[in-house]
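Novice: Below are the sequence and a predicted model; questions follow.
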Amino acid sequence: MNDFDRLEPDAIRHLRLFFYLLPIFGFFPAVWTLYRRSGGRQERALSRFVVKFTMGWLMLYGLMGASAFTSESAQLPLLLTASFMTSGYFVLNLYLMVRLWQRKAIALPLIGKVGRLL
């Protein structure tokens, strides 16, 4: 008997949602879910959020790095800002993973609910 056979479908879906919220690496399964148009409504909503959030972080991180590379006077503040954004990205993903583990709604201030995952 396979270990996954002993898990109920809800537990497998819950585990998949944790993979989506892994910083950087969760982007790829989220894109795959959206590409295949698979998963439930909550799973697709979380996948869309993860893709948008990761792409936004990556774009801002790249812009800050490029600006720091071309600027001579503001190099250190731009690099510090980029590192704070990266720390915020990781902390926010960790916060969402804790909310998911507690089986609470994954909601962000000023953004709203990503999906009801109870």
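Specialist: Everything's here; your move. Residues are numbered from 1 along each chain as shown.
Novice: who's in contact with stretch 65-73?
Specialist: Residues outside stretch 65-73 that contact it (C-beta atoms under 8 Å, 6 or more residues apart in numbering) are 74-76, 78-79, 82. For every residue, glycine as well, the C-beta is placed using N, CA and C.
Novice: same thing but at 6 Å, please
Specialist: 75, 78-79, 82 (C-beta atoms under 6 Å, 6 or more residues apart in numbering).
Novice: Give me the pLDDT value at Arg99.
Specialist: As predicted, Arg99 sits at a pLDDT of 89.
Novice: I meant to write Phe69 there.
Specialist: Value for Phe69, per-residue pLDDT: 89.
Novice: and it, what helix or strand is that in?
Specialist: helix 41-70 (DSSP states H and E).
Novice: List buried residues within the contacts of stretch 65-73.
Specialist: 78, 82 (16 or more other C-beta atoms under 10 Å).
Novice: Could you list which of the contacts of stretch 65-73 belong to helices?
Specialist: Using DSSP state H, 75, 78-79, 82 are the members of the contacts of stretch 65-73 that sit in helices.
Novice: Relative to Thr33, which of the residues you listed is nearest.
Specialist: Ala82 (28.7 Å; C-beta to C-beta).
Novice: how near is the closest one to Phe28?
Specialist: To Phe28, Ala82 is 22 Å away according to C-beta to C-beta, to the nearest Å.
Novice: try Phe90
Specialist: Taken as C-beta to C-beta, the span from Phe90 to Phe28 is 17 Å.
Novice: and what of Gly40?
Specialist: Relative to Phe28, and taking C-beta to C-beta, Gly40 is found at 19 Å.
Novice: cool, Pro77 as well?
Specialist: Distance from Pro77 to Phe28, counting by C-beta to C-beta: 32 Å.
Novice: ok, now Leu80?
Specialist: 29 Å.
Novice: Keeping just the C-alphas, turn stretch 33-47 into PDB.
Specialist: Backbone C-alpha positions of stretch 33-47 (Å, rounded to 0.1, in the frame of the first residue of the first chain) are rendered in PDB as follows:
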ATOM      1  CA  THR A  33      -1.500  24.100 -11.800                       C
ATOM      2  CA  LEU A  34      -2.600  27.200 -13.700                       C
ATOM      3  CA  TYR A  35      -1.200  25.900 -17.000                       C
ATOM      4  CA  ARG A  36      -3.100  22.600 -16.700                       C
ATOM      5  CA  ARG A  37      -6.200  24.300 -15.300                       C
ATOM      6  CA  SER A  38      -6.400  21.700 -12.600                       C
ATOM      7  CA  GLY A  39      -7.300  21.800  -8.900                       C
ATOM      8  CA  GLY A  40     -10.200  23.300  -7.200                       C
ATOM      9  CA  ARG A  41     -11.300  27.000  -7.000                       C
ATOM     10  CA  GLN A  42      -9.300  27.700  -3.900                       C
ATOM     11  CA  GLU A  43      -6.200  26.000  -5.300                       C
ATOM     12  CA  ARG A  44      -6.300  28.000  -8.500                       C
ATOM     13  CA  ALA A  45      -6.900  31.200  -6.500                       C
ATOM     14  CA  LEU A  46      -3.900  30.500  -4.300                       C
ATOM     15  CA  SER A  47      -1.800  29.600  -7.400                       C
END
